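1. got a predicted structure plus its sequence, pasted below:
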Amino acid sequence: MVDDTKLNKSQKFVRVLELLQRHEGVTASELMSRFELDDRTLRRYLSDLRNIELPIHSEGRGARRRLWMDPNYRRQGVQLSLLELVSLHFGRTLFDFLKGTSFAQDMDDALERLSTLSGDRSAQLTEHLSRKFMAVPEHAKDHTRTSEIVDDILTALLYQNPARAFYARLTGPTRQYLLHPYTLVTFRQGLYLFAFDVESEKIKTFALDRFRAFERDRHEHFEFPDGYDPEELVKDAFGITGGSVKDVVLRFRRSAAPYIRERIWHHSQVMEAARDGGVILRMRVGLAPELTSWIMGFGPGVQVLSPPELADQIRRLHKEALEQSR
């Protein structure tokens, strides 16, 4: 069970609201004891809730008084426009790779409840949304086998609980980690976790489907380090993983040039026209497997001009592929 005394102020505020919505309500003494609140602080919490027009009721006096929220209360002020509802449905399709997990079921349930707020007319117009909008699936990872682990990770993220985890790397044996889970990330139809490895004192990237066990410590709580920004972790990456950051220069043939010009491949990219009708792409990115695989996918349509070590790697991979095809 989560130690509510160690929650921060905003987290305690949310938990108090949850308890007020119980069928039997909650006593003032239970709230003060559970969250280590004095009477003055509790009154301030209740006043804040009433100030945002939540119907908080009380019965009795002193620490024994019972508190509850009107069970008939509904957020009548929430209204979704048709385009907002469509956007939610379309956004949901981007997570189809999580089908079969409780994570996906929770999203479906939430979307169904929100759909009821749009009115009867919108319900008729959105009857065939699955036919009108879709996301073509990529080669997705299978998260159905780790559905319970996904739930545990989500809970640890929300409550900022450290966790003991067993993780199977692609190469090498399964290892045990003590982690502070920071950020859940989606990339190419897969889920990843940015987490602080306590032993090595580094933030690392973990693929969720490779966790063999994940147990959060409900009685412990960690704080985010000052200045933590998950976007900084992937700023120089060509995908999800980092690597040695280099100035990469690629020359694409004329046949591939239109495809290269129409997309943003990296925020650092600079393009210039080549004399033969092709295009030269310059980026400052990490030399990681995602970059290598992307370059290899163009076959002879691209030439690595810089750095030399990347050019050597691509030549070696093409040579190995040629020898294996004989």
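-> Now that the structure is in, tell me what you want to look at. Here the structure is a predicted model, which is why all the values come from computation and not from measurement.
2. for the rest of this, base every contact and every neighbour count on C-alpha atoms.
-> Noted.
3. which sections of the stretch 1-150 of the chain are below the confidence cut-off?
-> Residue ranges of the stretch 1-150 of the chain with pLDDT under 70: 1-2, 72-83, 113-130, 140.
4. what are the ranges of the strands in it?
-> Residue ranges of the strands in the stretch 1-150 of the chain, as given by DSSP state E, counting those that start in this stretch, are 26-27, 56-59, 66-69.
5. can you say which of those strands is nearest to Ile314?
-> strand 66-69 (64.4 Å; C-alpha to C-alpha).
6. in its sheet, what does the closest one sit against?
-> strand 26-27 (antiparallel), strand 56-59 (antiparallel) (DSSP bridges).
7. Phe95 is in contact with Gln105, isn't it?
-> No: at 10.8 Å, Phe95 does not count as touching Gln105 under the criterion of C-alpha atoms under 8 Å.
8. have a look at the two and say which one is more surrounded.
-> Neighbour count, other C-alpha atoms under 10 Å: between Phe95 and Gln105, Phe95 has more, with 17 against 13.
9. would you mind measuring from that one to Thr101?
-> 11 Å (C-alpha to C-alpha, to the nearest Å).
10. ditto for Ser268
-> Counting by C-alpha to C-alpha - Ser268 and Thr101 are separated by 36 Å.
11. and the pLDDT at Asp226?
-> Asp226 carries a pLDDT value of 91.
12. hang on, Leu287 packs against Ile240?
-> No: contact criterion C-alpha under 8 Å: Leu287 and Ile240 do not qualify, at 11.7 Å.
13. those two - which one has more neighbours?
-> When Leu287 and Ile240 are compared for neighbours, Leu287 comes out ahead with 22 against 18, by other C-alpha under 10 Å.
14. for Ala288, see how far away the closest residue to the more buried one other than its chain neighbours is.
-> Leaving aside its sequence neighbours, Leu287 sits nearest to Gly243 (C-alpha to C-alpha, 6 or more residues apart in numbering; 5.1 Å). According to C-alpha to C-alpha, Gly243 stands 5 Å off from Ala288.
15. quickly list what's touching both of the two.
-> Residues touching both Gly243 and Ala288 (C-alpha atoms under 8 Å, 6 or more residues apart in numbering): Ala237.
16. the two: which is more packed in?
-> Ala288 (18 against 13).
17. make JSON lines out of the strands of the stretch 1-150 of the chain and add mean neighbour count and distance to Asp152.
-> Shown next, in JSON lines, are those (neighbours: other C-alpha atoms under 10 Å; distance: least, C-alpha to C-alpha, whole Å):
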{"stretch": "strand 26-27", "mean neighbour count": "20", "distance to Asp152": "27"}
{"stretch": "strand 56-59", "mean neighbour count": "14", "distance to Asp152": "32"}
{"stretch": "strand 66-69", "mean neighbour count": "21", "distance to Asp152": "29"}
